[in-house]
Every structure is written in C-alpha cells, then in structure tokens.
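> what's the 3D shape of this:
(one chain, ligands or ions: 1)
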Amino acid sequence: MKKNYLNYLKCIKCEKEKLSIFPENVMDDEEFEEGIIRCEHCSAVYPILDGIPCFLPESLRDISINEKTTVLVSQFIPLEG
Ligand SMILES: [Zn+2]
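From the prediction side, this is the model:
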C-alpha cells in the first residue's frame with residue numbers, strides 16, 4: 001500500500017479522514033507491505049496485509065484475519081484457471 005493512499009481513505013467507524021500508518025514491513029519510505037492504520041480520532045485500527053488495507057468492521061475482522069481469510073476471499077474473487 002502506498003503511503004499517499006491514506007489521502008483517499010477514511011475511518012469506517014467515525015468517517016473521519018485522520019489516519020496514521022504504523023508500518024511493520026517497509027518496502028521503502030512510500031510503500032508498506034504490512035502494518036496498522038490507526039484513526040487518530042476514534043483510535044480504531046485497521047491492518048495492512050500483503051500491502052492491502054483491510055477496512056472491515058471489527059465484527060468481521062476477527063473472522064477474516066486468520067486461516068479463514070483465503071476461504072472468505074475466494075468467495076468473492078473468481079479463481080484463475
Ligand atoms: Zn475513526
């Protein structure tokens with residue numbers, strides 16, 4: 001995920017645009033592979049996984065960020081071949 005994508009994102013909880021990135025695996029100064037996006041207004045946190053910001057409600061997030069992720073995602077993305 002590129003750092004400037006934050007300019008286009010907002011918190012799904014409070015709908016503010018005051019988000020910060022806390023990178024864990026930095027590809028370079030402008031791109032993040034893994035980390036956390038935190039809302040400075042309501043302190044909600046959203047993970048960045050494989051470079052993709054995961055803006056899910058907390059009720060869905062517990063399910064999606066574990067081994068079930070592949071199963072859930074595959075229901076929405078057609079498999080190639
Ligand atoms: Zn928020």
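> Now for the residue nearest to residue 31 when sequence neighbours are not counted: which residues touch it?
Leaving aside its chain neighbours, residue 31 sits nearest to residue 2 (5.3 Å; criterion: Cβ to Cβ, 6 or more residues apart in numbering). Every C-beta, even on glycine, is put in place using the N, C-alpha and C of the backbone. Residues near residue 2 by Cβ atoms under 8 Å, 6 or more residues apart in numbering: 30, 31, 32.
> Same question for residue 46.
36, 37, 38, 39, 53, 54, 55, 56.
> Show the buried residues in those residues.
Neighbour-count burial (16 or more other Cβ atoms under 10 Å) applied to those gives 37, 38, 39, 53, 55.
> Which of those fall in strands?
Of the positions in the buried ones among the contacts of residue 46, 37, 38, 39, 53 sit in strands, assigned by DSSP state E.
> where does the chain dip in pLDDT?
25-27, 59-81 (pLDDT under 70).
> The ion contacts on that one?
11, 13, 14, 39, 41, 42, 44 (Cβ under 5 Å from the ion).
> My guess is the second one contacts residue 38. True?
No. Under the criterion of Cβ atoms under 8 Å, residue 13 makes no contact with residue 38, lying 11.3 Å away.
> before we move on, the earlier item: kindly indicate which of the ones in strands among the buried ones among the contacts of residue 46 lies nearest the ion.
Within those, the smallest distance to the ion is 3.1 Å, found for residue 39 (Cβ to the ion).
> quick one: contacts of stretch 13-26?
Residues outside stretch 13-26 that contact it (Cβ under 8 Å, 6+ apart): 3, 6, 9-11, 32-42, 44, 48, 57.
> List only buried entries from these.
Buried residues within those, defined by neighbour count using 16+ other Cβ under 10 Å: 6, 11, 32, 34, 35, 37, 38, 39, 44, 48.
> what ranges do the helices span in the chain?
58-64, 69-74 (DSSP state H).
> so what's residue 48 bridging to?
Residue 48 forms beta bridges with residue 35, residue 53, as assigned by DSSP bridges.
> What separation do you get for residue 17 and residue 49?
Separation of residue 17 from residue 49 (Cβ to Cβ, to the nearest Å) stands at 22 Å.
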